[in-house]
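Asks: With the input below, show me the fold.
(one chain, ligands or ions: 1)
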Amino acid sequence: MKEEAASRNGKRKRQRNPKTPKEEPNETPKNQNNDKKRQRDTKTQKSNQHGGSSALSKRPTPSNFLDTLREKLSGGNFRRLNEKLYTCSGKEALDYFNEDPTLFDMYHTGYQQQMTNWPELPVNSIINWLSSRRSSLVVADFGCGDARIAKSVKNKVFSFDLVSKDPSVIACDMSNTPLESSSVDVAVFCLSLMGTNYSSYIKEAHRVLRPSGWLLIAEVKSRFDPNNGGADPKDFVKAVSDLGFSSSLKDFSNKMFILLHFKKKEQFNSNKKKIEWPELKACLYKRR
Ligand code: SAH
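Replies: Okay, the predicted model is just below:
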């Protein structure tokens, strides 16, 4: 079944982007490429209309030039903010966005553009998983972004992010949420294990989950590719298990993301042994 999913994904990817089936995220979304191509085509037509010899006709028109500049600046800002989030602690990230919440909008505009490159969004597989279960399950969405999960399912969802752009989102560093201990059934991290202290987010999920509660993690695949500087998934699964979870799903069938599901152990005698958390490779976007 997973193989089927993999080949379906492969097929879809090839159809949408036949030339560059890259696993690493691309910086320039496809529609921007099309826009650029359209701009180039328009320029060529104009240049041909003028006999193609005028130096002026080869320059972008002012509006095209400004659009290109704006595109480059916003792409650059997104890359910078994205790198910041992967290389600092959650506390630093919270202080950073609190100082200038407009940076959060800038980050999310870039993030949404990046997502247009993905043939399938991991958040949708989490929504499907939830939809196939009892809607009475209480969910905590750690690093919720635009709170798509809360908007898509019937369950009670507590949505957390560094900045609240919607009254339903609780602004906090997710290593320290206001939830009671053992109060939720499902904890979700969808592409949100970003901070250098990511283990403290998973510890917080363990605290707020009821015994037998679910921990669902979707992450960028390249972060878990040991042949490419990423973490060994086995080390990650072992660390989460040592915290008091048992692994219930390891799905690597998607080209872009992996899905890891765990269940909180009913009873767990922590022997206080130090957990070895592997470093998760930052997911940086290429400059194009
Ligand atoms: N889960 C969403 C958004 C993913 S982007 C989706 O799949 O679409 C990652 C999100 O995690 C960002 O919105 C970022 O602000 C948030 N995030 C990263 N570190 C965080 C932290 N320490 N506390 C709260 N949110 C955090």
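Asks: so where's the stretch 51-200 of the chain shaky on pLDDT?
Replies: 51-63, 69-72 (pLDDT under 70).
Asks: Tell me the buried residues in the helix or strand hosting residue 111?
Replies: Assigned by DSSP states H and E, residue 111 falls within helix 102-115. Across helix 102-115, burial judged by 16 or more other Cβ atoms under 10 Å covers 103-104, 106-108, 110, 113-114. Backbone N, C-alpha and C define where each C-beta goes, glycine included.
Asks: So what's the residue count around the residue lying closest to residue 276 once chain neighbours are set aside?
Replies: With sequence-adjacent residues excluded and distances taken as Cβ to Cβ, 6 or more residues apart in numbering, residue 276 is closest to residue 239, at 6.1 Å. A count of neighbours around residue 239, defined by other Cβ atoms under 10 Å, yields 17.
Asks: So which residues on the stretch 101-250 of the chain come close to the ligand?
Replies: For the stretch 101-250 of the chain, the residues in contact with the ligand (Cβ under 6 Å from any ligand atom) are 111, 123, 143-145, 148, 160-162, 173-174, 190-192, 194-195.
Asks: Filter these down to just the ones in strands.
Replies: Counted as lying in strands by DSSP state E, out of these, are 160-161, 190.
Asks: and the most centrally placed residue in the chain, what are its phi and psi?
Replies: For the chain, residue 191 is the residue whose C-alpha lies nearest the centre (Cα atoms, centre = their mean; 3.1 Å). When read as degrees, to the nearest 10, the backbone of residue 191 gives phi 60, psi 30.
Asks: In this structure it contacts residue 256, no?
Replies: No - the pair residue 191 / residue 256 is not scored as a contact, 10.1 Å apart, by Cβ atoms under 8 Å.
Asks: Could you name every residue contacting both of those two?
Replies: 122, 220 (Cβ atoms under 8 Å, 6 or more residues apart in numbering).
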